[in-house]
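Peer 1: Coordinates only, no sequence provided:
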C-alpha cells in the first residue's frame, strides 16, 4: 500500500504521514455502479480516491436524488469528512461512476493527524474548500442556468472524467442525475444535435464541441 500512496499522494503528504496511512488504512476496489455510501449510513472511514471517479448525490425527499458533484483521483469528499468528524448519518449517496480504487482511513486518525501534520490539515481544508465551491456551482446551476445549459455542462463533465468524447448513459439515467424527466432530456438532446454540439448514436452521445 505504501507504494500506491507514494505514487498518488507523495506530492501532497510527507513520508511520515504516508507511513502512518499505510499502517492503518485499507484498500477497496469498486466497480461502476457500486453504491459506496448510502443515505443514513454511519461513516467510520474517510476515502482517498486512488483511481476512477465517484458521483455524489443529495437526497430530495419529494422527488428522488440530485447530483452534487464528481470526485476524481486525488480527491476526497468533504461531505464524508463532515459526517465522520460529527459522527452523524450520511446525507449523501456515493455511487461509482467508473471502476476504481479507494484508500479508507479510520476516522480516529483523521482528527489525530489534523494536529500532527500540516500537510494533512492543508489537504482537509483544501478539500472542504473545493467541494464547497462545487456545491455552490451546483446551486448556481439550479438557480440561474436553464436545463439546456445544465445538460451540456453535465455531458462535458461526464466525458472529462471518463477521458472520452462519448457519454454512454441512457436518457433516463441522465434525467435521473439532472432531476428531470426522460422526455425533457430526449427533447433537449435532439435540439443539441440540431445545433451541431453533439451527435446521438444508438447507445451513446458523442460530443462535437
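Peer 2: Structure received. Predicted model, so just to flag it, every value in this text is computed and none were measured. Residues are numbered from 1 along each chain as shown.
Peer 1: neighbouring contacts of stretch 4-14?
Peer 2: The contact list for stretch 4-14, computed with Cβ atoms under 8 Å, 6 or more residues apart in numbering, reads 18, 21-22, 27, 48, 50, 73-74, 103, 117, 119-120, 123. Quick note: C-beta positions are derived from backbone N, CA and C, even for glycine.
Peer 1: Can you tell me which of those residues end up in helices?
Peer 2: Taking DSSP state H, the ones among the contacts of stretch 4-14 that sit in helices are 18, 21-22, 119-120, 123.
Peer 1: Of those, just the buried ones, PyMOL syntax please.
Peer 2: In PyMOL, this line selects whichever of those come out buried by 16 or more other Cβ atoms under 10 Å:
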select buried, resi 18+21+119+120+123
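Peer 1: on that earlier part again, of the contacts of stretch 4-14, which is the nearest to residue 3?
Peer 2: Set against residue 3, the nearest of those by Cβ to Cβ is residue 22 (9.0 Å).
Peer 1: ranges for the helices of this protein?
Peer 2: Using DSSP H, helices in the chain cover 2-9, 15-24, 78-86, 107-116, 118-144, 147-161, 171-178, 182-194.
Peer 1: Quick one: closest of the ones you listed to residue 98.
Peer 2: helix 147-161 (7.2 Å).
Peer 1: got the angle for the closest one vs helix 182-194?
Peer 2: If you take axes from the mean of the first three to the mean of the last three Cα atoms, to 10 degrees, helix 147-161 sits at 80 degrees to helix 182-194.
Peer 1: Number the residues from 49 up from this point.
Peer 2: Done: numbering now begins at 49, and the last item shifts to helix 195-209.
Peer 1: now the angle between helix 219-226 and helix 195-209, please.
Peer 2: Going by the same axes, to 10 degrees, helix 195-209 makes 100 degrees with helix 219-226.
Peer 1: Contacts made by helix 195-209 with the rest, please.
Peer 2: Residues outside helix 195-209 that contact it (Cβ under 8 Å, 6+ apart) are 101, 115, 118, 120, 145-146, 189-190, 193, 213-215, 217, 222, 225-226, 228, 232-233, 236-237, 239-240, 245-246, 253, 255.
Peer 1: Kind regards, and thank you for your time.
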